[in-house]
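Engineer: Give me a model of this one.
(chains A, B, C and D)
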Protein chains: 2
Amino acid sequence: MRKPAAERKVDIVATAIDLADKVGPDRITTEMIASQIGVTQATVFRHFPRKEDIWHAVAVELTARMRAAWAGKDGESDDPVARLEAAIVGQFKLIRQMPALPAILLSRELHAGNMPLRMALMQTMRAFQQRLTALVEQAIAAGRFRHDLNAGDAALLLIGLVQSVALRWTLGGRSEDLVATGRRLLAVQISGFTAGGNESEPVSSGAVR
Amino acid sequence: MRKPAAERKVDIVATAIDLADKVGPDRITTEMIASQIGVTQATVFRHFPRKEDIWHAVAVELTARMRAAWAGKDGESDDPVARLEAAIVGQFKLIRQMPALPAILLSRELHAGNMPLRMALMQTMRAFQQRLTALVEQAIAAGRFRHDLNAGDAALLLIGLVQSVALRWTLGGRSEDLVATGRRLLAVQISGFTAGGNESEPVSSGAVR
DNA sequence: ATTGTAAGTGAGTGATTACTCACTAACTTA
DNA sequence: TAAGTTAGTGAGTAATCACTCACTTACAAT
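Structural biologist: Just a heads-up that it's a prediction; the model follows:
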């Protein structure tokens, strides 16, 4: 089946992401990609002259999805804590949907000798951090979080929460419910940020999902 | 220089760990190891018949060091919070000393098709988690942490803290001071666990290092 | 000194991999 | 329908890799 280049490129990127999950980002060969799509290996090189180019396209795709996952949704709440939760749960949902994400972001394929790409990824991370920092600041200003809380550090703890829950989920064979576990730990973390009554203030118990 | 097998094996394992940091765990070739030591490639195979055996030895070495790093030190404090801090700062110090550790623990080399090894690593992780959980429980019992804090979840947050700080340090070119950053965020995290006065209770300000 | 053993080597081998290229077949446009 | 363009292919190639093996050299014990 002959396809226009734009579609084939999408195929190749999607297949690379899929294989990254199955065999690991650095184990992917152009032959694997080709045979899974149902074309010959040479076809892959017609669309991406160097294998490295595939990874570049993958990175573009992933950063776009990550940004979309934490961006404000349509029916945005005016409660900063709820928005904070939404941004983080969004990441969990994205990872559940694309389990290869952590492995790809950490892979040498994207980092080794690829400064520009590396910088682009780190910038995306930093953007996420800034978004979280801003939300924490709003929560502090609204009196929902303690005033002595450092917003930047709190944001780093939240990012760590996402990373570590995702990591444990991946290494643990993905048996547990990523979003549920993430939500549970997020509640614990947030209760530590919360001002005044420490008494297990329930965190946005709404039926999300 | 001819060496007894025991020493050469140590050489090879140490070189593998060193190279894992420089080029990445999955990029290491037996030729790299050999030439860095100053022997021929065939020599490597005399001591480790299969490359996989090298990774097995590396894993044994690493898990031993990790356990040592969180184990109770000699002059053990009786304050559970101080011991908690010591266990975690110990991990930061270990990673500073062996920066390849995170990369190796996450590498496919150690996970792909190596169930027993995978299980052993996860058991080490679980042991760390249990140690932290126990310490958190003690801190709660001692009235230092909130009573409504779930010890297991708190331990997971602390592990996430270690993982994410180490990760950011690695990806960020190791420019910042890992132990200092780790200590700072640990203080923020612990202040969220702390009972009663939330007012930035300073965390074990002693001159540690 | 002789001999047995353990460490090291040189020179391979087959498998895998990214990448090339001359050529063909399928769509598109005139 | 003729001509041009774009996607796809078959058959390579050079490089790299883990691994092998017959052989040599260093060392220790007798």
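Engineer: From the contact counts, what lies against the lowest-mean-pLDDT helix or strand in chain A?
Structural biologist: Taking mean pLDDT, DSSP states H and E as the measure, the helix or strand of chain A with the lowest value is helix A:108-111, at a mean of 83. In terms of contact count using 3 or more C-beta pairs under 8 Å, 6 or more residues apart in numbering or on different chains; DSSP states H and E, helix A:108-111 is assigned the packing partners helix A:51-70, helix A:115-141. In short, each C-beta sits where N, CA and C put it, glycine included.
Engineer: now those as TSV including distance to B:Ala34, mean neighbour count and mean pLDDT?
Structural biologist: Listed next are these as TSV, based on distance: least, C-beta to C-beta, whole Å; neighbours: other C-beta atoms under 10 Å in any protein chain shown; pLDDT from 0 to 100:
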stretch	distance to B:Ala34	mean neighbour count	mean pLDDT
helix A:51-70	27	17	95
helix A:115-141	30	17	93
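Engineer: Now distance to DNA strand C too, for these, in a markdown table please.
Structural biologist: As requested, the helices and strands packed on helix A:108-111 are exported to a markdown table (distance: least, C-beta to the nearest atom of the strand, whole Å):
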| stretch | distance to DNA strand C |
| --- | --- |
| helix A:51-70 | 3 |
| helix A:115-141 | 15 |
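Engineer: Leaving out the residues flanking it, which one is nearest to A:Leu186?
Structural biologist: Counting by C-beta to C-beta, 6 or more residues apart in numbering or on different chains, A:Leu186 lies nearest to A:Ile88, which is 5.8 Å off, once chain neighbours are set aside.
Engineer: Please name the residues that touch that neighbour.
Structural biologist: Neighbour list for A:Ile88: A:Trp70, A:Leu132, A:Leu158, A:Leu161, A:Val162, A:Gly182, A:Leu186 [criterion: C-beta atoms under 8 Å, 6 or more residues apart in numbering or on different chains].
Engineer: Can you check what angle separates the helix or strand hosting the fourth one from helix B:115-141?
Structural biologist: Translated: A:Leu161. Here A:Leu161 is covered by helix A:151-171, with elements defined by DSSP states H and E. Orientation note: helix A:151-171 sits at an angle of 140 degrees relative to helix B:115-141 (axes from the mean of the first three to the mean of the last three C-alpha atoms, to 10 degrees).
Engineer: Identify each buried residue in helix A:151-171, please.
Structural biologist: Buried positions in helix A:151-171, judged by neighbour count with 16 or more other C-beta atoms under 10 Å in any protein chain shown: A:151, A:153-171.
Engineer: follow-up on the earlier one: columns distance to B:Val39 on top of the helices and strands packed on helix A:108-111, output as a markdown table?
Structural biologist: Listed next are these as a markdown table, based on distance: least, C-beta to C-beta, whole Å:
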| stretch | distance to B:Val39 |
| --- | --- |
| helix A:51-70 | 33 |
| helix A:115-141 | 34 |
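Engineer: Give me the three-state assignment for the residue in chain A that chain B sits nearest to.
Structural biologist: Among the residues of chain A, A:Gly192 lies closest to chain B, at 2.2 Å counting by C-beta to the nearest C-beta. Secondary structure of A:Gly192, reduced to three states by DSSP: H, G, I helix; E, B strand; the rest coil: helix.
Engineer: Please verify my assumption that it contacts B:Leu158.
Structural biologist: No - contact criterion C-beta atoms under 8 Å: A:Gly192 and B:Leu158 do not qualify, at 11.6 Å.
Engineer: got any residues that touch both of these two?
Structural biologist: Contact with both A:Gly192 and B:Leu158 is made by residues B:Gln189, according to C-beta under 8 Å, 6+ apart.
Engineer: And A:Glu61, how far from DNA strand D?
Structural biologist: According to C-beta to the nearest atom of the strand, to the nearest Å, A:Glu61 and DNA strand D sit 19 Å apart.
Engineer: An error on my part: the question was meant for A:Arg8.
Structural biologist: Using C-beta to the nearest atom of the strand, we find A:Arg8 at a distance of 4 Å from DNA strand D.
Engineer: A helix includes A:Glu76, no?
Structural biologist: No - for A:Glu76, which was evaluated using three-state DSSP, the result is coil, with no helix membership.
Engineer: Just the element for the nearest residue to it once chain neighbours are set aside, please.
Structural biologist: Once its chain neighbours are removed from consideration, A:Glu76 has its nearest residue in A:Arg83; the separation is 6.6 Å (C-beta to C-beta, 6+ apart). When elements are defined using DSSP H and E, A:Arg83 is found to belong to helix A:80-97.
Engineer: Mind listing residues that contact stretch A:36-52?
Structural biologist: Contacts with stretch A:36-52, where a contact means C-beta under 8 Å, 6+ apart, come from A:1, A:5, A:8-9, A:11-12, A:15, A:18-19, A:30-31, A:33-34, A:54, A:57, A:114.
Engineer: Can I get the buried part of those as one PyMOL selection?
Structural biologist: A single PyMOL command selects the buried members of the contacts of stretch A:36-52 (16+ other C-beta under 10 Å):
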select buried, chain A and resi 8+9+11+12+15+18+19+30+33+34+54+57+114
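Engineer: Which of the contacts of stretch A:36-52 sits closest to DNA strand D?
Structural biologist: The nearest member of those to DNA strand D, counting by C-beta to the nearest atom of the strand, is A:Ala5 at 2.7 Å.
Engineer: Quick check: pLDDT value at the nearest residue to the closest one once chain neighbours are set aside.
Structural biologist: Leaving aside its chain neighbours, A:Ala5 sits nearest to A:His47 (6.1 Å; criterion: C-beta to C-beta, 6+ apart). With respect to pLDDT, A:His47 has a value of 97.
Engineer: Count the neighbours of A:His47 for me.
Structural biologist: 19 (other C-beta atoms under 10 Å in any protein chain shown).
Engineer: mind checking how far it is from B:His47?
Structural biologist: Distance, A:His47 to B:His47, by C-beta to C-beta, to the nearest Å: 45 Å.
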